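Trainee: need the 3D shape of this:
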Amino acid sequence: MFKKISSVGIILLFLFSLSCSLLPWVKDPNNIYDWSSNFKEDVTYYYKVTTYISAINYTTSYNYQWKIVDVTDKTDKKVYNINDDGQTRFLVVDKDENLIFYGKDEYFSGFSEDEVLLEAPVTIDNSWIYKSETRKVSSIDTTAEVTAGTYSDVVKVKIIEDDYYGYLYWSVSKGLIYKYIEYTNGNYTKLELIDVNE
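Mentor: I've put the predicted structure just below:
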């Protein structure tokens with residue numbers, strides 16, 4: 001009996017060690033590729049941005065879209081050329097830097113124009129700096145419901161700064177689906193994925 005249990009245990013341990021190839025739903029926290037969406041060309045993402053100004057009790061919103069124009073799979077990164085409502089931008093999954101960023105160029109500069117959306121290791125409380133913010137992973141594989149649908153593969157990132165706080169939701173299957181920033185004066189900005197044209 002003990003021999004049978006230990007054999008099963010060894011087999012399970014072996015399968016777990018090969019989880020990337022045999023168990024594709026198990027993500028490696030140290031491999032940023034496991035946390036990136038495989039965006040496809042000609043897919044358009046539609047977002048709604050809502051802004052609230054507390055001093056005058058005024059809410060405004062507008063819709064915008066970004067379309068994936070080109071996908072390039074290099075040895076050290078995946079580069080997605082984006083038409084962001086008429087502007088050319090890049091969403092890059094950078095294997096060398098071990099992060100996912102959004103910016104004006106496909107090369108990570110480390111400066112504030114590159115917004116780091118997610119950085120490995122993708123583990124609870126892992127943190128990084130973007131501008132004057134501290135961004136920290138607060139939950140993994142959580143479920144989030146937005147207008148575009150319900151996603152159960154979401155990494156929730158907390159955003160902390162002296163004058164505001166917030167969070168963003170990164171879906172492994174869809175990318176950025178939600179972002180919320182609230183300022184100390186009561187103002188807030190919210191971005192939400194409302195539709196995807198695949």
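Trainee: so which elements touch the longest strand seen in the chain?
Mentor: When every strand of the chain is counted residue by residue (DSSP state E), the longest turns out to be strand 58-73. Contact analysis of strand 58-73 by 3 or more Cβ pairs under 8 Å, 6 or more residues apart in numbering; DSSP states H and E lists strand 44-53, strand 77-84 as its packing neighbours. Placement of C-beta: from N, CA and C, glycine included.
Trainee: what do you get if the cut-off is 10 Å, keeping everything else the same?
Mentor: Using 3 or more Cβ pairs under 10 Å, 6 or more residues apart in numbering; DSSP states H and E as the contact criterion, the elements in contact with strand 58-73 are strand 44-53, strand 77-84, strand 87-94, strand 175-183, strand 188-197.
Trainee: where does the spatially most central residue of the chain land on pLDDT?
Mentor: To find the centre residue of the chain, average its C-alpha atoms and take the closest one (Cα atoms, centre = their mean): that gives W170, at 3.1 Å. According to the predicted model, the pLDDT of W170 comes to 97.
Trainee: please export the C-alpha coordinates of the longest strand of the chain as CSV.
Mentor: Provided in CSV are the C-alpha atoms of strand 58-73 (Å, rounded to 0.1, in the frame of the first residue of the first chain):
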residue,chain,number,x,y,z
TYR,A,58,-19.8,66.4,-12.9
THR,A,59,-19.3,63.0,-14.6
THR,A,60,-18.3,62.7,-18.2
SER,A,61,-17.5,59.7,-20.4
TYR,A,62,-16.3,58.8,-23.8
ASN,A,63,-15.6,55.7,-25.8
TYR,A,64,-12.4,54.9,-27.6
GLN,A,65,-10.8,51.9,-29.4
TRP,A,66,-7.5,50.4,-30.1
LYS,A,67,-6.8,48.0,-32.9
ILE,A,68,-4.0,45.5,-33.2
VAL,A,69,-2.4,46.4,-36.5
ASP,A,70,0.6,44.0,-36.5
VAL,A,71,2.0,41.1,-34.4
THR,A,72,5.7,40.3,-34.3
ASP,A,73,7.0,37.3,-32.4
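Trainee: re the thing from before, now the helices and strands packed on strand 58-73 as CSV including mean pLDDT and distance to W128?
Mentor: Compiled in CSV, these are given as follows (pLDDT from 0 to 100; distance: least, Cβ to Cβ, whole Å):
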stretch, mean pLDDT, distance to W128
strand 44-53, 97, 23
strand 77-84, 94, 18
strand 87-94, 93, 13
strand 175-183, 97, 16
strand 188-197, 97, 20
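Trainee: turn these into TSV, including distance to D114.
Mentor: Formatted as TSV, those follow (distance: least, Cβ to Cβ, whole Å):
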stretch	distance to D114
strand 44-53	20
strand 77-84	13
strand 87-94	9
strand 175-183	15
strand 188-197	18
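Trainee: thanks again, I'm all set now.
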